[in-house]
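J.: A structural model of the following input is requested.
(chains A and B)
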Amino acid sequence: MPTKVVPNLDRHALTAVFLGGAAGGLLRVWLSRYFASGTTSWPWAIFAINVTGSFALACLATWWKERPPESRFHHPLWTTGFCGAYTTFSTMQLEIFELLDRHRYGLATGYAIASIAAGYLAIFLGTALVRQQRALA
Amino acid sequence: MSAWVWIGVALLGGFGACGRFLLHTLIDTRVAGDFPLGTLVVNTSGALLLGLLTGLAVEGDALLLAGAATLGSYTTFSSWMLETHRLAEDGKRLTAAINILLSLLVGVGAVALGRAIGAHI
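T.: Predicted coordinates:
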């Protein structure tokens, strides 16, 4: 029997990731074009997308960790699919590189640090908020 | 921007996310240890390819579809932050700090490398 490349691949999960990824990617591309900033200014669109997407992922992942959804579809649809594709790493790294390339060292460093600090804080707050709600319930 | 381009953005965004899911699952089920290697490999390879596209002077709708839609959805920021937070919460603060610094340095380096390769082809 041939060895499967990915063991126990769940086709429902893959379909869910595709649909969530399509929606998340579409929303990010639309927002980043609508709120486009120049190549030498603070990349607000991707910054805001990454922070809000991190908050959403923390809320969902924390909520579903102890109380998995009844459908096997919802978890991969919203976490790996939607939040994963809505937020992005590659565009952020390209923005940092382009700021460095244009000698905007302070802006590049500030953008990298602020993205990570705000993204991490968003994860922390989303996690704490859901745990507190669960404790109250 | 035409409706076809938007349809393309959605479809390629879906494929990018599936590529991330498959590679992430493949790596994290085969490589033992605490370090979230799957996301690092996905994010670094995506940054390298995006650098390559810009080095090849791809622009306009082609860059939007291959770059922002496909590679944008393939790579992820939120999982990177979530995995880092969970590591720190488990008391693995050094691993969490390494995950942040390594991803950032290797990510920018990958863009620069991809760009240089693209410019020389």
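J.: which residues sit in contact with residue 76?
T.: All of this is about chain A. When contacts are counted by C-beta atoms under 8 Å, 6 or more residues apart in numbering or on different chains, A:P76 touches A:10, A:12-14, A:16-17, A:20, B:21. (C-beta placed from N, C-alpha, C; glycine too.)
J.: wait, I meant chain B there
T.: Residues near B:T76 by C-beta under 8 Å, 6+ apart: A:83-85, A:87-89, B:20, B:39, B:42-43.
J.: Which of those residues are buried? Put it as a PyMOL command.
T.: Of the contacts of B:T76, the buried ones can be selected in PyMOL as follows, counting by 16 or more other C-beta atoms under 10 Å in any protein chain shown:
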select buried, (chain A and resi 83+84+85+87+88+89) or (chain B and resi 20+39+42+43)
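J.: give the contact list for A:P68.
T.: Each residue near A:P68 by C-beta under 8 Å, 6+ apart is listed here: A:H75.
J.: Just the buried ones among the contacts of A:P76, please.
T.: A:13-14, A:16-17, A:20, B:21.
J.: which one of those residues is nearest A:S41?
T.: A:G20 (30.9 Å; C-beta to C-beta).
J.: Which helix or strand contains that closest one?
T.: helix A:11-34 (DSSP states H and E).
J.: Grab the nearest non-local neighbour of residue 114.
T.: No chain was given, so I picked chain A. A:F47 (7.0 Å; C-beta to C-beta, 6 or more residues apart in numbering or on different chains).
J.: nope, chain B please
T.: Distances taken as C-beta to C-beta, 6+ apart place B:G51 nearest to B:G114, at 2.6 Å, with adjacent residues excluded.
J.: thinking again about what came up before, the residue nearest to A:A114 against A:G110, yeah?
T.: No - shown here, A:F47 and A:G110 do not form a contact pair, counting by C-beta atoms under 8 Å, at 10.6 Å.
J.: higher neighbour count, the two?
T.: More crowded of A:F47 and A:G110, by other C-beta atoms under 10 Å in any protein chain shown: A:F47, with 19 against 13.
J.: C-terminal to the helix or strand hosting B:L26, which secondary structure element comes first?
T.: Applying DSSP H and E as the criterion places B:L26 in helix B:3-30. Per DSSP H and E, the first helix or strand lying C-terminal to helix B:3-30 is helix B:37-55.
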